[in-house]
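Colleague: Pasting the sequence and the predicted coordinates here, then a few questions.
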Amino acid sequence: MKFTLVINGAPWSSPSARTALKFAETALSSGHEIYRLFFYQDGAGNASGYCVAPQDEEDIPARWEALITKHDIDAVLCAASALKRGILDDAESERYERDGANLRPGFTVSGLGQFIDAAIQSDRVVSFVT
Amino acid sequence: MILHTVNKPGDCLSRCLSMASQDDAVLLIEDGIYGAIDNSVNQHTWKSLPSGMSCYALVEDLEVRGISDKMLPQISPADWALFVSLTAEYDKVISWG
Amino acid sequence: MSVAQSYLILARSSPYGSNMPKAALDIALTAAAFEQEVAVVFLDNGVLQLLPNQDTKSSGLKNGSKMISALKIYEVQHVYIHLPSAEKSGLNLSEVPDVIESITDELLQDLVSKSDHVMVF
């Protein structure tokens, strides 16, 4: 199966980001494909390069990055969601004159249309809600 | 045939169950697993469920919350692999939150 | 895109208390802009988004109800209010914009069953 996962929750703020991560890991190890990960609303926080996880807690953003890198997954943030939450790539950082970019490697920022496209191209869409 | 995931008990679970049909399945996840505890509130909530429906609760969420041995008899434990399988087996997934 | 899928957006959250109402509308509008079939149902606390006389002028907040009235202009095919939810909340249906249709439990269940994507906000 070709999956698109929609991640709506910030890392640690609710269980949903972690549920999504474990679902993604299990789907891949079961032989399924992930067409796209779409990070919406507070889900954009999963792509922050500035989050510092406490030593005794799972580093959820880092785990996403590792999964995305290992399996070459298309990981897209909704631009409006990302901007509001202060997750900026180089272009947005320059455009809005912020001091730095903090988008983790492997993630891209795009429009909500990328979700609609993914829904068309995938066999299953699974949303992880707060 | 729909797989419904529910991550909160109470109104969220009730609304899901009101929209579910005979051929659907329900998977309780995260705090939704509190809806699986064998108590009078939950017995009432699940009473009107169509008899053929499959009901599951995610094992990891049951275990961390300490209710693995307190479940309603009609709810089966599901591990991560089964969660994934269910999403493939059913035609679509509706996430209630 | 040649394939039109059907989206059912279930708006269950009250306005101004969370990002849910806007998140729902943004998905509905984007799907419609991409020529998908879109239906929005206001359900449970979501019917409160349809309360008339939402006065946001002095607050500086955006009035959420204004966009709801314009949904059909933006190619969202159907906008419904769930009748049992409206009755439970005490909402006076005559105060709800005419473009919004009523929907019963049975019809809603049918939409849930038939839509390609059902998203809950």
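Modeller: Yes, it's here.

Colleague: Describe which strands the strand or helix carrying C:Leu10 pairs with in its sheet and in which direction.
Modeller: Using DSSP states H and E, C:Leu10 falls within strand C:6-11. Strand C:6-11 has the following strand partners under DSSP bridges: strand C:37-42 (parallel), strand C:117-120 (parallel).

Colleague: The ones you listed into a markdown table, with extra columns for mean pLDDT and mean neighbour count?
Modeller: Every residue, glycine included, has its C-beta placed from N, CA and C. Output for the strands paired with strand C:6-11, formatted as a markdown table (pLDDT from 0 to 100; neighbours: other CB atoms under 10 Å in any protein chain shown):
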| stretch | mean pLDDT | mean neighbour count |
| --- | --- | --- |
| strand C:37-42 | 98 | 24 |
| strand C:117-120 | 98 | 23 |
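
Colleague: returning to what we had before: could you look up the next helix or strand downstream of the strand holding C:Leu10?
Modeller: Downstream of strand C:6-11, the next assigned helix or strand under DSSP H and E is helix C:20-33.

Colleague: That next one - contacts with which helices or strands?
Modeller: Packing contacts for helix C:20-33, counted by 3 or more CB pairs under 8 Å, 6 or more residues apart in numbering or on different chains; DSSP states H and E, involve helix A:113-121, strand C:6-11, strand C:37-42, helix C:64-70.

Colleague: For A:Thr19, find the nearest of the ones you listed.
Modeller: Between A:Thr19 and the helices and strands packed on helix C:20-33, the tightest spacing by CB to CB is seen for helix A:113-121, at 18.7 Å.

Colleague: Whichever helix or strand comes after that closest one and chain C in contact?
Modeller: Per DSSP H and E, the first helix or strand lying C-terminal to helix A:113-121 is strand A:124-128. Yes: residues of strand A:124-128 contacting chain C under CB under 8 Å from any CB of the partner chain: A:Val125, A:Ser127.

Colleague: Need the CA coordinates for the strand holding C:Leu10. PDB is fine.
Modeller: C-alpha atoms of strand C:6-11 as PDB (Å, rounded to 0.1, in the frame of the first residue of the first chain):
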ATOM      1  CA  SER C   6     -14.800  13.500  -2.500                       C
ATOM      2  CA  TYR C   7     -14.000  15.100   0.800                       C
ATOM      3  CA  LEU C   8     -16.300  15.300   3.800                       C
ATOM      4  CA  ILE C   9     -15.100  17.800   6.300                       C
ATOM      5  CA  LEU C  10     -16.600  17.400   9.800                       C
ATOM      6  CA  ALA C  11     -16.400  20.600  11.700                       C
END
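
Colleague: That one versus helix C:20-33: what angle between them?
Modeller: 160 degrees (axes from the mean of the first three to the mean of the last three CA atoms, to 10 degrees).

Colleague: in chain A, what spans have low per-residue confidence?
Modeller: Residue ranges of chain A with pLDDT under 70: none are present.

Colleague: Quick one: name the residues of it near chain B.
Modeller: With CB under 8 Å from any CB as the criterion, chain A comes near chain B at residues A:1, A:3, A:14-16, A:19, A:22-23, A:26-27, A:30, A:32, A:123-130.

Colleague: Quick one, which of the residues you listed are buried?
Modeller: Buried by 16 or more other CB atoms under 10 Å in any protein chain shown: A:1, A:3, A:14-16, A:19, A:22-23, A:26-27, A:32, A:124-130, out of the residues of chain A next to chain B.

Colleague: coming back round to it: distance between the strand holding C:Leu10 and the chain's centre?
Modeller: Mean-position distance between strand C:6-11 and its chain equals 8 Å (CA atoms, centre = their mean, to the nearest Å).

Colleague: can you tell me the average pLDDT over it?
Modeller: Averaged over strand C:6-11, pLDDT sits at 98.

Colleague: again, but for stretch B:9-16
Modeller: The model assigns stretch B:9-16 a mean pLDDT of 96.

Colleague: Check stretch B:24-31 too.
Modeller: Confidence for stretch B:24-31, expressed as mean pLDDT, is 98.

Colleague: That stretch and chain A in contact?
Modeller: Yes: shown here: stretch B:24-31 in contact with chain A (CB under 8 Å from any CB) through B:Ile29, B:Glu30, B:Asp31.

Colleague: Give the buried residues for the helix or strand of chain C with the lowest mean pLDDT.
Modeller: The helix or strand of chain C with the lowest confidence, counting by mean pLDDT, DSSP states H and E, is helix C:64-70 at a mean of 92. Neighbour-count burial for helix C:64-70, counted by 16+ other CB under 10 Å, picks out C:Gly64, C:Ser65, C:Met67, C:Ile68.
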